[in-house]
Structure formats: structure tokens, C-alpha cells
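**Student:** Got a predicted structure plus its sequence, pasted below:
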Amino acid sequence: MWAANPTWGSPRIRDELEKLGVHVSTATIRKYRPSSGGRRSQSWRTFLRNHGAAIAAMDFFVVPTATFRLLYVLIVVTHHRRRIVHFSTTESPTAGWTAQQVVNAFPYDTAPKYLLRDRDSIYGDVFVRRVECMGIEQKLIAPRCPWQNPYAERLIGSIRRECLDRVVVFSEQHLRELLEAYVEYYEHVRPHRSLEHDSPIPRAVEPPEQGKVVELPLVGGLHHRYVRRAA
């Protein structure tokens with residue numbers, strides 16, 4: 001697993017083995033897979049913990065292409081199960097475009113109670129009015145405090161480390177395809193320690209009696225899913 005998935009750490013390998021019914025400690029894995037080489041506000045952490053089921057977070061990040069174009073990616077993630085409920089890409093983000101993405105992320109009566117975001121100027125008057133009309137209360141993080149939006153920031157870091165830093169993006173369509181593949185992997189396969197080592201969409205444990213372990217490549221071979229199949 002380590003050889004096929006070089007970005008995986010010891011906890012990630014341990015979680016994958018758990019899904020195959022193989023129980024081994026992180027320390028044991030670390031013995032054979034050597035590891036590579038801010039103070040937080042209690043009140044804000046308490047708010048995030050107490051209202052996690054009603055919070056969604058959003059943020060932008062930038063992706064350069066092979067032709068030096070800059071593409072902007074907007075992600076919207078819920079705190080409860082770390083679900084990526086929406087993502088979209090554009091070359092020229094505006095407040096109107098961003099407001100429409102929130103509508104696309106939360107159709108009908110699925111809007112959360114709180115929306116966590118930073119103070120970027122892209123969230124202009126059009127965006128603020130649209131979100132207020134949806135009955136969502138916006139919670140703005142403090143200036144230069146990205147840790148106050150931890151799930152969105154952590155997700156962006158995972159997307160970069162586990163996908164985009166290892167490929168060359170040729171176009172906006174290519175970027176969309178990469179993100180779609182990664183989101184599928186993230187939602188259905190990738191375990192999270194904060195979710196009791198399960199994926200956002202729960203994944204069943206497969207005991208040894210179900211058969212041999214089969215390796216399934218995902219995200220263009222950057223990651224793999226391991227399942228048991230009867231011979």
C-alpha cells in the first residue's frame with residue numbers, strides 16, 4: 001500500500017487495513033513505513049463542535065494550468081460528515097457567480113443554519129443578500145486566521161497534496177475531471193480519523209472470510225481502494 005500510494009501516512013494505511021479486517025496499530029505500521037519528515041481559541045472551537053451538524057464551510061483556492069492560466073476552485077463542505085456538497089471552477093469569479101454556487105450547493109430546504117467563510121472581497125453585496133434570503137447566517141472568520149475555517153482549509157490541503165500537486169492541469173475541463181475523480185474517492189473511500197476512521201459516506205468493514213484482497217486504482221492511479229472478492 002505504501003509503495004502504491006506514496007502520499008499515505010501511517011494512520012491512512014492503518015484505516016485502509018481496518019476496512020479489510022486486518023487490525024494493526026499505527027506504531028507497527030510506522031515501524032515499517034518511516035514517517036516523512038498556533039494556538040487556537042477555545043470559544044471558537046466550542047462553537048464549531050457544538051454546531052457541527054448545522055455548519056457548512058466554503059473557500060476558494062487557485063490552480064495554475066500548463067499554459068499559466070489561473071483557475072479558481074470553490075468548494076463547499078459540511079462539517080457533520082465532511083461531505084463535499086458542491087464544487088465549481090471558473091477563470092473569473094464574481095460575487096454573482098459565487099452566490100449562484102451557494103444556491104446550487106443547497107437546493108430546496110437543505111440549507112445549513114450557519115455558513116463559515118473568510119472576509120474576501122469576492123463575497124460582495126450580491127452574495128450577502130442571496131445567502132440571507134436563503135435563511136443562512138454567515139459566520140466570518142477573523143482576519144488572517146485560516147485555522148478558524150479548519151475543515152475547508154484541511155480539505156484544500158488534501159486536494160493539493162493527494163491530487164493536484166502530482167498532476168499537470170491542462171484546461172478547466174481537465175481540472176473538473178480530476179476534481180470529480182478525487183471527490184468520488186474522498187467521499188466513498190478515504191477514511192477520516194474524526195469520523196471514527198470511516199469515510200464521509202460510510203464504508204463497511206470487509207472481514208477476511210469474504211475473499212482475497214483486490215486493488216482498485218482510483219484518481220488515475222494516484223490512490224487505490226482495497227476490497228475483498230471471492231475467488
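**Tutor:** Received it, and whenever you're ready, just let me know what you need.

**Student:** pLDDT-wise, which helix or strand of the protein ranks last?
**Tutor:** Every helix and strand of the chain was ranked by mean pLDDT, DSSP states H and E. The lowest is helix 42-50, at a mean of 66.

**Student:** mind listing the helices for this protein?
**Tutor:** 10-19, 26-32, 42-50, 95-105, 125-133, 150-162, 172-188 (DSSP state H).

**Student:** okay if I get those helices as TSV plus mean neighbour count and distance to Tyr114?
**Tutor:** (Glycine included, C-beta is placed from N, CA and C.) As requested, the helices of the chain are exported to TSV (neighbours: other Cβ atoms under 10 Å; distance: least, Cβ to Cβ, whole Å):
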stretch	mean neighbour count	distance to Tyr114
helix 10-19	19	29
helix 26-32	13	34
helix 42-50	12	9
helix 95-105	18	13
helix 125-133	14	11
helix 150-162	17	12
helix 172-188	17	22
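
**Student:** closest to Leu70 out of the ones you listed?
**Tutor:** helix 172-188 (10.8 Å; Cβ to Cβ).

**Student:** could you give the mean pLDDT of that closest one?
**Tutor:** If you average the pLDDT over helix 172-188, you get 97.

**Student:** Quickly list the domain ranges of this structure.
**Tutor:** 10-37+201-229, 42-188 (automatic domain parsing).

**Student:** JSON lines for these, including distance to Met1?
**Tutor:** Output for the domains of the chain, formatted as JSON lines (distance: least, Cβ to Cβ, whole Å):
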{"stretch": "domain 10-37+201-229", "distance to Met1": "5"}
{"stretch": "domain 42-188", "distance to Met1": "14"}
